[in-house]
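# everything below, folded, please.
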Amino acid sequence: MEERLQKIIARAGLASRRAAEGMILNGRVSVNRAVIRQLGTKADIEKDEIRLDGLLIYSEVEKIYLMLNKPPGYVTTLHDPQERRIVADLLPPGLGRVFPVGRLDYDSQGLLLMTNDGDFAQQLLHPSFRIPKGYEIKIKGKLTTAEFHKLTKGLILEDGKFLPEDVRVTRVNEKSTRLTLTLRSGKNRIIRRAFAALGYEVAELVRLRIGGLELGDLKPGAYRFLKAKEAWKIFSCPKG
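You can find the predicted model right below:
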């Protein structure tokens, strides 16, 4: 059966569909020895010779799902031009190629999902699902009541509105404030930028939850494998 190339690449666990589209546009994909640069091109993996960077794509691959407690000081990528430590360094050799779903910035830590299932990654990243993600944040300084109300009502940033849910202050003193909050969508470093707009620096940022999947007592740098049923259960959470 013919399918779009980006779907075939994602199903083979080589990238998300969005990343696969970039691979096609960059001329990294060929079908029956012909380089394809046109999005929407279809092929049949059972009949056609489909290659990525010259390597043959096979129809079946064992699906891998794992949750990692990403420590600070690692980038959420499989290659870094600056040669910083990458999250793949924390995984066992011989595991095969798995890629991170979404991101946590270099200084942040917490729950990061990794997989070779492109369909799973595509759905998790798609904005229509609005999967809730829970965070614990420590900021430098004492958050005032007025600033707390501003935060709960939402802040207008240069690239849109930051609107957290279920914001709670868990500890406060003169030097720092700890909070928890939930986001259903987010952009690069948006939590740090939101608190910067209020005049505060984020000292610690930990992602504790994605959907119904909890980080629990998993130690920084550790990981555990998930069964497919456990991983896909993330999508059973109600949309906001």
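
# who's in contact with the helix or strand bottoming out on mean pLDDT in the chain?
When each helix and strand of the chain is scored by mean pLDDT, DSSP states H and E, strand 55-56 comes last, with a mean of 81. Applying CB atoms under 8 Å, 6 or more residues apart in numbering, the external contacts of strand 55-56 come out as 49, 50. All C-beta spots, glycine's among them, are computed from the backbone N, C-alpha and C.

# quick one: strands adjacent to the helix or strand following that strand?
Sequence order places strand 65-70 as the next helix or strand after strand 55-56, per DSSP states H and E. Using DSSP bridges, the strands paired with strand 65-70 are strand 109-115 (antiparallel), strand 223-225 (antiparallel).

# show me what contacts residue 109?
Contacts here follow CB under 8 Å, 6+ apart; on that basis residue 109 touches 69, 70, 71, 72, 204, 205, 206, 207, 220.

# return the most buried member of the strands paired with strand 65-70.
Looking across these with neighbours counted as mean count of other CB atoms under 10 Å, the highest average goes to strand 109-115: a mean of 23.

# centroid residue for the chain?
The residue lying closest to the centre of the chain (CA atoms, centre = their mean) is residue 102, at 1.4 Å.

# so that one makes contact with residue 126?
No - counting by CB atoms under 8 Å, residue 102 does not reach residue 126; the two are 11.3 Å apart.

# please parse the chain into its domains.
With domains defined by automatic domain parsing, the chain comprises 3-56, 65-128+215-236, 133-210.

# returning to that earlier point: compare the contacts of residue 109 and tell me which is most surrounded.
residue 70 (27 neighbours; other CB atoms under 10 Å).

# from residue 206, how far off is that one?
10 Å (CB to CB, to the nearest Å).

# list the residues that contact both of the two?
Contacts common to residue 70 and residue 206, judged by CB under 8 Å, 6+ apart, are 108, 109, 110.

# reformat these as CSV; add pLDDT.
Shown next, in CSV, are the shared contacts of residue 70 and residue 206 (pLDDT from 0 to 100):
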residue, pLDDT
108, 97
109, 98
110, 98
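
# quick one: the closest residue to residue 131 other than its chain neighbours and residue 182, what's the gap?
Computed as CB to CB, 6 or more residues apart in numbering, the closest residue to residue 131 that is not its neighbour in sequence is residue 211, at 5.0 Å. In this view, residue 211 and residue 182 are 11 Å apart by CB to CB.

# look at those two and report which has more neighbours.
Ranked by neighbour count (other CB under 10 Å), residue 211 and residue 182 place residue 211 first, with 20 against 16.

# hmm, residue 75 is touching residue 85, no?
Yes - using CB under 8 Å, residue 75 is in contact with residue 85, at 7.1 Å.

# sweet, I'm off.
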